[in-house]
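Peer 1: What follows is a predicted protein model with its sequence.
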Amino acid sequence: VSGGEDQIQQLQKALLDYLDENTETDASLVFSRKFYIAQWFRDTTMETEKAIKSQKDEDSSEGTHHAKDVETTGQIMHRAESRKTFLRSIIKTAPSQFSTLKMNSDTVDYEDACLIVRYLASMRPFAQSFDIYLTQ
């Protein structure tokens, strides 16, 4: 996976498909599914706020690149809205409908789900800064 936005959404959807398929064997997976959706929604909001704040800080210090910053802020907002729309569509989908929308979920087994979780967790800010903490 190259780490693009579409690939991350595909991995998230595959993980949610796996969790949805196995809720009959483990009831805690219902909570896990809801937790992941809520966490990804929160992450999107936090990333957007940080990006906008950093651009406002750059605006106050430079001032000459204002037109570029407005365009970039628009792109950030558009990307965040597309992520939120994706997550809202997942939330609104009933479990019975969710199984008809599966995308390659037959190929996701427990080991694949573990790999997806590890990859998505490595994209989180704490995991990315962990090496810095260790070296310090």
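Peer 2: Received, thanks.
Peer 1: Flag every buried residue along the helix or strand containing residue 37.
Peer 2: Using DSSP states H and E, residue 37 sits in helix 28-61. Neighbour-count burial for helix 28-61 flags 29, 32, 33, 36, 37, 40, 41, 44, 48, 51, 52, 55 (criterion: 16 or more other C-beta atoms under 10 Å). C-beta coordinates here come from the backbone N, C-alpha and C atoms, glycine included.
Peer 1: Setting the sequence-adjacent residues aside, check what's closest to the residue nearest in space to the middle of the chain.
Peer 2: Nearest to the geometric centre of the chain sits residue 40, at 4.4 Å (C-alpha atoms, centre = their mean). What sits nearest to residue 40 in space, not counting adjacent residues and going by C-beta to C-beta, 6 or more residues apart in numbering, is residue 87, at 5.9 Å.
Peer 1: before we move on, what about residue 51?
Peer 2: Of all residues not flanking residue 51 in the chain, residue 76 sits nearest, at 4.8 Å (C-beta to C-beta, 6+ apart).
Peer 1: go on, residue 11?
Peer 2: Spatial nearest neighbour of residue 11, excluding adjacent residues (C-beta to C-beta, 6+ apart): residue 116 at 5.1 Å.
Peer 1: out of the buried residues of helix 28-61, who's nearest residue 20?
Peer 2: Among the buried residues of helix 28-61, residue 33 lies closest to residue 20 (C-beta to C-beta), at 6.4 Å.
Peer 1: need the contact list for that closest one.
Peer 2: 16, 19, 20, 23 (C-beta atoms under 8 Å, 6 or more residues apart in numbering).
Peer 1: Next, work out how far apart residue 88 and residue 37 are.
Peer 2: Residue 88 is 9 Å from residue 37, where distance means C-beta to C-beta, to the nearest Å.
Peer 1: With residue 123 instead?
Peer 2: From residue 123 to residue 37 the distance is 16 Å (C-beta to C-beta).
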